[in-house]
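Engineer: Mind folding the following:
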Amino acid sequence: MITPLVVYAAGVAVGLWRIDGSPVARLTIALLWPLGVVAAIVTITALVLAAMVLFPLVGVAGVLTGALMWWVAR
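Structural biologist: Numbering: from 1, shown residues only. Model (predicted):
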């Protein structure tokens with residue numbers, strides 16, 4: 001539990017120190033920086049889903065990979 005807090009605190013410190021802008025903008029970006037990871041995951045998921053529709057072989061490979069990962073993980 002301590003490691004994520006240290007990483008978050010380091011990100012806040014870097015955000016406050018290195019970002020150009022007003023103090024309010026610096027504080028907002030420093031506090032909200034982890035949302036970038038969530039946005040990246042959502043974007044990649046949407047791209048994979050679109051690829052599954054546009055390219056059926058990618059869809060089949062994705063379903064088979066997901067099923068295999070589920071089977072191995074249980």
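
Engineer: Contact partners for the closest residue to residue 52 other than its chain neighbours?
Structural biologist: Excluding its sequence neighbours, the residue lying closest to residue 52 (Cβ to Cβ, 6 or more residues apart in numbering) is residue 59, at 3.5 Å. Just so you know, the C-beta spots here come from the backbone N, C-alpha and C atoms, and that holds for glycine as well. Residue 59 makes contact with 51-53, according to Cβ atoms under 8 Å, 6 or more residues apart in numbering.

Engineer: How about the secondary structure of the residue nearest the centre of the chain?
Structural biologist: Nearest to the mean C-alpha position of the chain, by Cα atoms, centre = their mean, lies residue 37 at 2.8 Å. What DSSP: H, G, I helix; E, B strand; the rest coil gives for residue 37 is helix.

Engineer: For the protein, just list every one of the helices.
Structural biologist: Secondary structure of the chain (DSSP state H): helices at 2-18, 23-32, 35-54, 56-73.

Engineer: Domain map for this structure?
Structural biologist: 2-33, 37-73 (automatic domain parsing).

Engineer: where among the ones you listed is the average confidence lowest?
Structural biologist: Lowest mean pLDDT within the domains of the chain: domain 2-33, at a mean of 83.

Engineer: quick one: buried residues of that one?
Structural biologist: If you call a residue buried by 16 or more other Cβ atoms under 10 Å, then domain 2-33 has these buried ones: 11-12, 15, 26, 29-30.

Engineer: quick one: which of those residues is nearest residue 66?
Structural biologist: residue 11 (31.1 Å; Cβ to Cβ).

Engineer: ok, the nearest residue to the closest one once chain neighbours are set aside - contacts?
Structural biologist: By the measure of Cβ to Cβ, 6+ apart, the closest residue to residue 11 outside its immediate chain neighbours is residue 33, 4.9 Å from it. Contacts of residue 33 were listed using Cβ under 8 Å, 6+ apart, and they are 11-12, 15.

Engineer: roughly how far apart are residue 33 and residue 44?
Structural biologist: According to Cβ to Cβ, to the nearest Å, residue 33 stands 18 Å off from residue 44.

Engineer: go on, residue 73?
Structural biologist: Distance from residue 73 to residue 44, by Cβ to Cβ: 20 Å.

Engineer: Perfect, that will be all.
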